[in-house]
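1. Next one to model:
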Amino acid sequence: MNTESYQYKPHVINVSYQEISPDIPEFFTHKRHVFIMTNTGRPIYVRYGSEIKSSIFLATINAIFQKFLLFFFEDKEKQNLFKISHDKSNIYILQRNQITYICTTNNLQVYIQLLYSTQDSEFIIYQMLDFLNTQLISIVTDQANVHLIQKPNYDLGFSVGGSRNLLTLAIKNGLYSPCIAFNSICTLPMTVTLRSFIHNNLKEIKVSNVIATLLLTETYVIDIWRQKNMEFKTSDIMIIQSMIQGQGQLKKGENWIPICLPGLSAMGFVYAYINFFYQNTIGIVMISDDNSLDMFTKCKEAAQTMIEKFDSNKLQQTLFSSLQNNPITPKCIENQTQIKHFIVRHTSGQLFLPMFQAFGINNKTFKFYMQQYGELYKDFMISQSLGNQETKQNYFVWDSKGFGITQYHDVVIMFCFNELIEFQQIVQNVHILHKMFRTEELNNFFILKPS
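-> Coordinates of the predicted model:
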């Protein structure tokens with residue numbers, strides 16, 4: 001299978017959008033607008049159009065929002081996503097420190113352009129805006145909030161500079177990527193023996209002052225090594241992959257670049273050694289808090305040692321073959337026409353995505369699936385925070401449209417079945433999925449070995 005069909009692509013604002021502003025009809029032909037502004041209403045970024053032409057619109061939204069907070073909420077710090085509804089659109093507002101994120105949706109366009117009639121999932125919108133905040137902080141660091149406290153009219157848009165495409169990509173992935181929706185990385189399925197061999201090789205090349213080493217592609221994480229007692233958050237891995245997706249030159253040759261990973265430290269930068277090998281498809285990323293030339297040399301030598309060992313064992317071809325054969329159709333469901341689609345999330349924050357084509361032929365169908373999965377997962381998370389231990393281990397919900405969610409030991413399975421099947425058939429199909437993800441089989445799908 002051609003990997004191009006399911007990999008996310010960088011998405012750059014079309015220059016023609018620069019002439020679009022909220023006072024012309026063309027502005028409302030887009031399904032979703034996204035704006036970033038300071039809490040004083042100063043524009044930082046707009047998805048379509050220019051910040052200057054949108055400034056009056058943003059100032060109006062900001063004034064409404066501040067009144068909204070004043071009259072309806074006593075403690076805005078406890079609130080997550082604010083929503084203002086109109087018969088033709090919804091406005092979602094997320095405030096993070098000194099920065100406000102806004103998403104407006106055109107319900108009429110959503111109805112016309114999707115295969116199925118459905119509104120946006122509030123959960124998906126929230127996850128997208130939250131990741132957009134993480135991406136912005138990765139670009140400007142949390143020093144931006146410090147500057148805005150000291151100087152409320154500080155022009156943060158100037159600091160974004162040439163990284164606008166990363167913000168646009170964060171929106172695109174945030175709306176459609178299961179990884180961002182469920183705060184998880186997408187791992188590459190492989191045999192336990194192969195995964196163990198790769199992990200041991202990453203451990204052997206460990207370098208002092210290297211916080212973490214990752215073997216990955218644009219969309220898959222093959223393996224991770226991290227220092228003991230060092231937490232390396234999922235959001236930081238997604239920031240690294242997003243940067244690679246949005247800056248194609250990072251897959252050419254070796255790179256030694258500063259990067260802010262908010263999960264490690266939102267106030268400053270660490271350094272990333274990035275080296276993509278074997279047809280610029282598989283890359284090794286080493287994160288260090290030492291920016292010296294000596295550290296770059298050590299990372300370079302360690303990476304070269306690993307690449308040579310992979311080459312001598314023909315492991316590069318094996319991994320490339322695994323990538324070409326993904327996404328897979330598990331053997332246990334090849335003849336199960338009642339199972340349309342499913343996504344599996346491990347409690348460690350990892351995803352298995354079978355039959356996954358985010359922007360392929362059935363992209364609109366998959367977008368519809370994501371909206372349904374998002375709402376199911378939101379309800380599941382609420383039940384986990386409120387329910388007892390028995391409820392947590394036996395969660396099973398489905399609806400009349402064929403969508404459902406079930407928990408089985410350490411995994412949560414979101415699925416779409418044929419909506420016409422009977423209850424007994426639903427139970428049988430759920431048991432098929434449970435059998436596939438028994439505890440002893442999980443190492444084939446997820447990175448579960450301790451670092």
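2. Show me the helices in the stretch 51-200 of the chain, by range?
-> Applying DSSP state H, counting those that start in this stretch to the stretch 51-200 of the chain gives helices spanning 55-72, 107-113, 122-140, 143-150, 156-160, 164-176, 178-181, 192-204.
3. okay, those, which one's buried deepest?
-> When neighbours are counted by mean count of other Cβ atoms under 10 Å, the highest per-stretch mean among the helices of the stretch 51-200 of the chain falls to helix 178-181, a mean of 24. Every C-beta, even on glycine, is put in place using the N, C-alpha and C of the backbone.
4. so how far is it from its chain's centroid?
-> For helix 178-181, the distance between its averaged C-alpha position and the chain's averaged C-alpha position is 4 Å (Cα atoms, centre = their mean, to the nearest Å).
5. what mean pLDDT would you report for it?
-> In this model, helix 178-181 has an average pLDDT of 92.
6. again with stretch 154-173
-> Within the predicted structure, the mean pLDDT of stretch 154-173 is 89.
7. Next, the distance between the ends of it.
-> Terminal residues of stretch 154-173 lie 29 Å apart, using Cα to Cα, to the nearest Å.
8. and for it, what are the contacting residues?
-> Contacting residues not belonging to stretch 154-173 are listed as 8, 10-13, 32, 34, 36, 38, 42-45, 47, 51, 99, 128, 131-132, 135-136, 139-140, 144, 147-148, 179-180, 242-243, 245-247 [Cβ atoms under 8 Å, 6 or more residues apart in numbering].
9. which stretch in the helices of the stretch 51-200 of the chain has the least confidence?
-> For the helices of the stretch 51-200 of the chain, the weakest mean pLDDT is recorded on helix 107-113, namely a mean of 50.
10. Quick check, residue 343 in contact with residue 411.
-> No - using Cβ atoms under 8 Å, residue 343 makes no contact with residue 411, being 10.3 Å away.
11. joint contacts of those two?
-> Shared contacts of residue 343 and residue 411, counting by Cβ under 8 Å, 6+ apart, come down to nothing at all.
12. From residue 142, how far out is the closest residue to residue 135 other than its chain neighbours?
-> Of all residues beyond its chain neighbours, the one nearest residue 135 is residue 170 (4.0 Å), with distances taken as Cβ to Cβ, 6 or more residues apart in numbering. Between residue 170 and residue 142 the computed distance is 17 Å (Cβ to Cβ, to the nearest Å).
13. quick one: buried residues of stretch 303-316?
-> Of the residues in stretch 303-316, 303, 306, 307, 310, 315, 316 count as buried by neighbour count, 16 or more other Cβ atoms under 10 Å.
14. which residues are contacting stretch 83-99?
-> Contact partners of stretch 83-99, identified using Cβ under 8 Å, 6+ apart, comprise 36-39, 44, 61, 64-65, 68, 76, 79-82, 100-108, 119-120, 122, 125-126, 129-130, 133, 136, 142, 144-145, 148-149, 152, 156.
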